[in-house]
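Visitor: Following is a predicted model, sequence given first.
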Amino acid sequence: MNEFKCICGARLGWFNASWPLAFLSVNSKKLKLRVLIFKNYEFVPDQVLSVKKYVFIPIFGWGVQVQHTVNDYPERIIIWSLYNPQKIIDKISEVGFLNKS
């Protein structure tokens with residue numbers, strides 16, 4: 001199974017876990033965000049409305065925002081990475097997660 005993984009940081013609501021305290025793994029069936037000092041968040045494609053670029057401060061504060069439908073998860077989930085956000089979005093798409101049938 002094709003999979004994308006990267007070390008990252010995450011904003012979960014108002015809680016922020018800076019890089020490298022989070023880990024993203026994505027394949028065609030699941031997007032998983034593991035936050036070492038907090039908890040894990042798992043999504044199937046039907047629970048994700050969009051994955052889009054998020055910019056707070058260009059280059060220093062950019063990431064990928066996951067807009068989802070899971071009521072028990074924080075509304076705001078942002079993945080911080082050293083990669084350009086578009087590269088992460090492209091990788092999520094390449095593994096087939098964003099290709100809803």
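Guide: On my side now, so go ahead. Numbers count the residues shown, from 1 in each chain.

Visitor: Residue nearest the middle of the protein, spatially speaking?
Guide: Ile79 (4.6 Å; CA atoms, centre = their mean).

Visitor: Let me know the secondary structure of that residue.
Guide: Ile79 falls in the strand class when you classify it by DSSP: H, G, I helix; E, B strand; the rest coil.

Visitor: Same question for Glu75.
Guide: Secondary structure state of Glu75, per three-state DSSP, is coil.

Visitor: Go ahead and confirm it touches Leu12.
Guide: No: judged on CB atoms under 8 Å, Glu75 makes no contact with Leu12 at a distance of 9.7 Å. In short, each C-beta sits where N, CA and C put it, glycine included.

Visitor: re earlier: where's the closest residue to the residue nearest to the centre of the chain other than its chain neighbours, which helix or strand?
Guide: In space, and not counting its chain neighbours, Ile79 is closest to Val64: 4.6 Å by CB to CB, 6 or more residues apart in numbering. Assigned by DSSP states H and E, Val64 falls within strand 61-68.

Visitor: Can you mark which positions in that strand are buried?
Guide: Going by neighbour count (16 or more other CB atoms under 10 Å), the buried part of strand 61-68 is Trp62, Gly63, Val64, Gln65, Val66, His68.
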